[in-house]
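Chemist: need a 3D model of the sequence below.
(one chain, ligands or ions: 1)
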Amino acid sequence: MQAPFLFKAISADLIAAFAREGEHIGPASVSEIIVTAFGFWTAKLAREYETPFIVVAVPTTHPELPAHLHLRWVIERIKKLLKVDEWKAQKLASITLDLVRKFGLRIDMHSVLFDEHLEHSRTKILKALHDPDFPPAQASVAIGAGVLPWPETSLAARLELIGQDLNFAEVVSRDTTYLWNRPPRDLREVDSVYLDRVDMRDNKPFSAELGLGFSLVKPYAGVGRKPSQNYQLFAPILHYRATPNKWRTSGIVSTTYYETDRVARGGHSLADMIGAPLMSLPRVHVCPACMAVFAPRIAPHRCKESGPHALHLVEILQTRFDTGHTVFTAKEMLADARPPRGRSGDTVTQEALEEFLHAYRGSLALRAFEGTWKLMHKPAIKLKASATPEASAPHAGA
Ligand SMILES: [Zn+2]
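Modeler: A predicted model of the protein is given here:
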């Protein structure tokens, strides 16, 4: 944990600020006061939990409220440590909180929620951060307080979540796509993957947003440019709505990173930021049987057995489009001479077919109209049991 280094820098400022108020304290006491601002009883406890402290510049594109700090606790701790009266303690506490905010010191909540090595202390850190006297402002803190449901935490499960968003499975199936876990926070094209906020109304969560902590990258050739000069970056976010009390992804935003232009203006290439060529990142695939989005290098894909075989279903839909049979019901599909078949060659129930068409309607180019399905265009998803080794990808990065 880099905390001792971060604390050293902010401690010097805080010691100087306290000295201006006529109070002299040492680094050990300063550490105790700082961790109290985040809700920890002692600095030792914060260390034991491996609390991931970071320094973050105030975001410009997604202005957010500063993370809640425990003012009352800091006042009490200062009174105890410095033997000063309430008035003086209040003044010193407000100096402390201002400095912590100005410095940008905070806890890396995405690391707390999602990093495997913090699994043992995840709930303890979140519990410390929650101030029972205030409604949570961060989704992560609300999750720890039991106000919001837990989202999927493993990277593989978070990646799978996005497959049903819009036409995302189709997008991934068409071109080489890479998974970039934990992109830099100051990369504004994808800084929303670190969103962490909740809107509380009447003591209940009304809505919340939580970035998934990873980005997807597609080498993209713009007009007059070679591939690998521009990249399409996707920033997936979870949205929470009180009804039906669930997290889900919706409307994944993508932006273009004009690498040549950025480098020419003194910016970084993606490879610089990744610290390795782009193609060294895990490749993302779409399962030709169940259409789940997965990255074999993160976790092997386990296909769900029930449901229609996606590759077969897409062929049927493409034929329907070519022959002008674009409006139909699931029941009619199953009554066809060539009905969709199940993943293990068995028959598919109407319920399973409906469920699948609904889940992947975006990628299958379908729209629902009063109990019928309509093909909006020919499905463009490219499902192939691809054996292409990752190293032979056409885009070699920078
Ligand atoms: Zn599958």
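Chemist: quick check: end-to-end length of stretch 173-180?
Modeler: Counting by C-alpha to C-alpha, to the nearest Å, you get 17 Å between the two ends of stretch 173-180.
Chemist: near the ion at all, it?
Modeler: No: Stretch 173-180 stays clear of the ion (C-beta under 5 Å from the ion), getting no nearer than 12.8 Å. (Glycine included, C-beta is placed from N, CA and C.)
Chemist: enumerate the positions of that stretch that are buried.
Modeler: Buried residues in stretch 173-180, counted by 16 or more other C-beta atoms under 10 Å: Ser173, Thr176, Thr177, Tyr178, Leu179, Trp180.
Chemist: now do stretch 372-388
Modeler: Buried residues in stretch 372-388 (16+ other C-beta under 10 Å): Trp373, Leu375, Pro379, Ile381, Leu383.
Chemist: same check, this time on stretch 115-134
Modeler: Buried positions in stretch 115-134, judged by neighbour count with 16+ other C-beta under 10 Å: Asp115, Leu118, Ser121, Arg122, Lys124, Ile125, Leu126, Ala128, Leu129, His130, Asp131.
Chemist: do the same with stretch 230-246
Modeler: For stretch 230-246, burial by neighbour count (16+ other C-beta under 10 Å) applies to Asn230, Tyr231, Gln232, Leu233, Phe234, Ala235, Pro236, Ile237, Leu238, Tyr240.
Chemist: what ranges do the helices span in the stretch 151-300 of the chain?
Modeler: Here the stretch 151-300 of the chain has its helices, by DSSP state H, counting those that start in this stretch, at 155-161, 168-174, 259-264, 270-274.
Chemist: any idea which of those helices is most buried?
Modeler: With neighbours defined as mean count of other C-beta atoms under 10 Å, the helices of the stretch 151-300 of the chain peak in mean count at helix 168-174, which reaches a mean of 23.
Chemist: beyond the helix or strand of the chain with the lowest mean pLDDT, next helix or strand please.
Modeler: Taking mean pLDDT, DSSP states H and E as the measure, the chain has helix 3-20 as its least confident helix or strand, at a mean of 86. From helix 3-20 onward toward the C-terminus, using DSSP states H and E, the following helix or strand is helix 27-37.
Chemist: show me what that following helix is packed up against.
Modeler: On a contact count with 3 or more C-beta pairs under 8 Å, 6 or more residues apart in numbering; DSSP states H and E, helix 27-37 meets helix 3-20, helix 43-48, helix 71-82, helix 86-103.
Chemist: how far away from the center of its chain is that helix?
Modeler: Averaging C-alpha positions (C-alpha atoms, centre = their mean, to the nearest Å) puts helix 27-37 31 Å from its chain's average.
Chemist: equivalent analysis for stretch 158-167, please.
Modeler: Here stretch 158-167 is found 12 Å from its chain centre; the criterion is C-alpha atoms, centre = their mean.
Chemist: quick one: is it near the ion?
Modeler: No: using C-beta under 5 Å from the ion, stretch 158-167 stays clear of the ion, with a minimum separation of 9.8 Å.
Chemist: can I get the CA coordinates of that stretch in CSV?
Modeler: Taking Å, rounded to 0.1, in the frame of the first residue of the first chain, the C-alpha atoms of stretch 158-167 are listed here in CSV:
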residue,chain,number,x,y,z
ARG,A,158,-18.7,-7.9,-14.6
LEU,A,159,-17.6,-8.4,-18.2
GLU,A,160,-20.5,-10.8,-18.8
LEU,A,161,-23.0,-8.2,-17.6
ILE,A,162,-22.4,-6.0,-20.6
GLY,A,163,-23.2,-8.6,-23.2
GLN,A,164,-26.9,-7.9,-23.0
ASP,A,165,-26.6,-4.2,-23.2
LEU,A,166,-27.9,-2.7,-26.5
ASN,A,167,-26.1,-4.4,-29.4
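Chemist: for the residue nearest the centre of the chain, what are its contacts?
Modeler: By C-alpha atoms, centre = their mean, the mean C-alpha position of the chain lies nearest to Leu212, the distance being 0.9 Å. Contacts for Leu212 (C-beta atoms under 8 Å, 6 or more residues apart in numbering) come out as Arg158, Leu161, Ile162, Val193, Pro236, Ile237, Leu238, Thr249.
Chemist: where does it land on pLDDT?
Modeler: Note for Leu212: predicted pLDDT of 96.
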